[in-house]
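Novice: Okay, predicted coordinates and the sequence, questions at the end:
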Amino acid sequence: MVTMKEIANKAGVSVSTVSLVLNGRDEGRVKSKIADNVRAIATKLGYRSNPLASSLRTGKTHILGFISEEVATTPYAGGMILGAQTAASQFGYMLITVSTDGENSESEEIAALKRYGTDGFLYAKMSNRITHVPSSLAQTPLVLVNATDSLGKVPSVEPDEFQIGYDATTRLVKAGCARIAYVGCLEPMIAQDDRLEGYQAALRDAGLDYDDHLVVNVLNNGPALTAVSDLFDAEHPDGFFCFNDARAWYVYECAARRGLTVGKDISVVGVDNHRVFAETLEPTLTTVELPHFEMGYWAVAKLVSIIEGRSMDDVSRPATTAPLPPIDAPIPAKIHCTLIEKTSVK
């Protein structure tokens, strides 16, 4: 097992200097050139820190808790947890994930994680929403994922919902669509309100009038299909921006019943890049991909910066579909989602 003393001998520095560098406490204490050399030697020799010894010495366990409300059972949880796990591993932390189904379960899980000496928490929601932070997390390092606290004080990260609506609608405008419909969500959600605003702004910037007859908000199944069918017959849209990929299916179905070809007669843009719809719909659906990996990664990076009191400016970031916002972004940090071009737009 490689020791700090061996690294110190190779680098020509003291053991205390090596300790500062490898424990992430070198900023302002050790010259950057020396710190980089110590890290390079440690990597070359295959140095691995002892988490137990480190926790006894620093009072930090390097354990992060990921509290999710139904997130672990949704189709997108894998990306969010993978992003969080990728960042945790990069920064030398262990991630413990728990899924809750109510206030009692949530309180129990938080208490259990605290008994492990968790250094900080990620608090995630199934869909972007305003949330009330549990009082048991009020005095601990915390970052919200896909949510914003009601007071706007807790660091958080979420998709830029307005930009989703704007970019999707603008893509349809560039395809030559003049009667662009919005198939939205009937549930009260941040995503619904902001995507609708983005849709309206894109129409306005393109010199097109907003017509509320071209907007239909639906839930699912039969009533949703009927509402979209009525929209086809009454308004004859040539472009459709859909709240999500699932709602785009109703557009495909209605088009097929009328002998219309998606990608030729009408254009459709969804949101999610849901794997099932991406592999099922033909022609393939142009869609805005939600940044689940990016949200998970950014949240852990932000949490570590709070725990360790560091800027993270020197951290190398992974290649991502959507660009990551800066760690010091205003609350909430918003991620500009990427539009994935496929074949459903003319």
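Specialist: Yes, it's here.
Novice: which secondary element of this protein has the worst mean pLDDT?
Specialist: Between all helices and strands in the chain, the lowest mean by mean pLDDT, DSSP states H and E belongs to helix 51-58, at a mean of 50.
Novice: which other helices and strands contact the helix or strand immediately after that one in the chain?
Specialist: The helix or strand immediately downstream of helix 51-58 is strand 63-69, counting by DSSP states H and E. Under the contact definition 3 or more CB pairs under 8 Å, 6 or more residues apart in numbering; DSSP states H and E, strand 63-69 sits against helix 77-90, strand 94-100, helix 103-115, strand 120-131. Heads up, the C-betas are built off the backbone N, CA and C, glycines and all.
Novice: Each with direction, which strands does strand 63-69 pair with?
Specialist: Strand 63-69 pairs in its sheet with strand 94-100 (parallel), strand 120-131 (parallel), by DSSP bridges.
Novice: Now do the shortest one, average pLDDT.
Specialist: Yep, that's strand 94-100 we're talking about. Strand 94-100 carries an average pLDDT of 88.
Novice: distance between it and the chain's centre?
Specialist: Distance, stretch centre to chain centre, for strand 94-100: 17 Å (CA atoms, centre = their mean, to the nearest Å).
Novice: What would that strand look like as PDB? C-alpha coordinates only.
Specialist: C-alpha atoms of strand 94-100 as PDB (Å, rounded to 0.1, in the frame of the first residue of the first chain):
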ATOM      1  CA  MET A  94     -19.600   7.700  -1.600                       C
ATOM      2  CA  LEU A  95     -23.300   8.200  -2.600                       C
ATOM      3  CA  ILE A  96     -26.100   6.500  -0.700                       C
ATOM      4  CA  THR A  97     -29.400   6.600  -2.500                       C
ATOM      5  CA  VAL A  98     -32.800   6.100  -0.800                       C
ATOM      6  CA  SER A  99     -36.300   6.500  -2.300                       C
ATOM      7  CA  THR A 100     -39.200   7.700  -0.100                       C
END
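Novice: can you tell me which of the helices and strands packed on strand 63-69 comes nearest to Arg258?
Specialist: strand 120-131 (31.8 Å; CB to CB).
Novice: ok now the very next helix or strand once past that closest one, how far from the chain's centre?
Specialist: Per DSSP H and E, the first helix or strand lying C-terminal to strand 120-131 is strand 142-149. Distance of strand 142-149 from the chain centroid (CA atoms, centre = their mean) equals 11 Å.
Novice: Strand 142-149: which residues count as buried?
Specialist: 142-149 (16 or more other CB atoms under 10 Å).
Novice: Which elements pack onto the following helix or strand past that strand?
Specialist: Where DSSP H and E defines the elements, the next helix or strand beyond strand 142-149 is strand 156-159. Strand 156-159 sits against strand 142-149, helix 292-308, strand 333-335, with contacts defined as 3+ CB pairs under 8 Å, 6+ apart.
Novice: Output the helix or strand that strand 156-159 is followed by as CSV - backbone C-alpha positions only.
Specialist: The first helix or strand that comes after strand 156-159 along the chain, using DSSP H and E, is helix 161-174. Coordinates of each C-alpha in helix 161-174 appear next as CSV, following Å, rounded to 0.1, in the frame of the first residue of the first chain:
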residue,chain,number,x,y,z
GLU,A,161,-38.1,25.2,-18.9
PHE,A,162,-38.7,28.5,-20.7
GLN,A,163,-35.8,27.8,-23.1
ILE,A,164,-37.2,24.3,-23.8
GLY,A,165,-40.5,25.9,-25.1
TYR,A,166,-38.6,28.6,-27.0
ASP,A,167,-36.1,26.3,-28.7
ALA,A,168,-38.7,23.7,-29.7
THR,A,169,-41.1,26.3,-31.1
THR,A,170,-38.3,28.1,-32.9
ARG,A,171,-37.3,24.8,-34.6
LEU,A,172,-40.8,24.5,-36.0
VAL,A,173,-40.8,28.1,-37.2
LYS,A,174,-37.5,27.4,-39.0
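Novice: what helices or strands is the helix or strand following helix 161-174 leaning on?
Specialist: With elements assigned by DSSP H and E, the helix or strand that comes after helix 161-174 is strand 180-185. When contacts are defined as 3+ CB pairs under 8 Å, 6+ apart, strand 180-185 sits against helix 161-174, helix 190-205, strand 215-218, helix 221-235, strand 239-242, helix 245-257.
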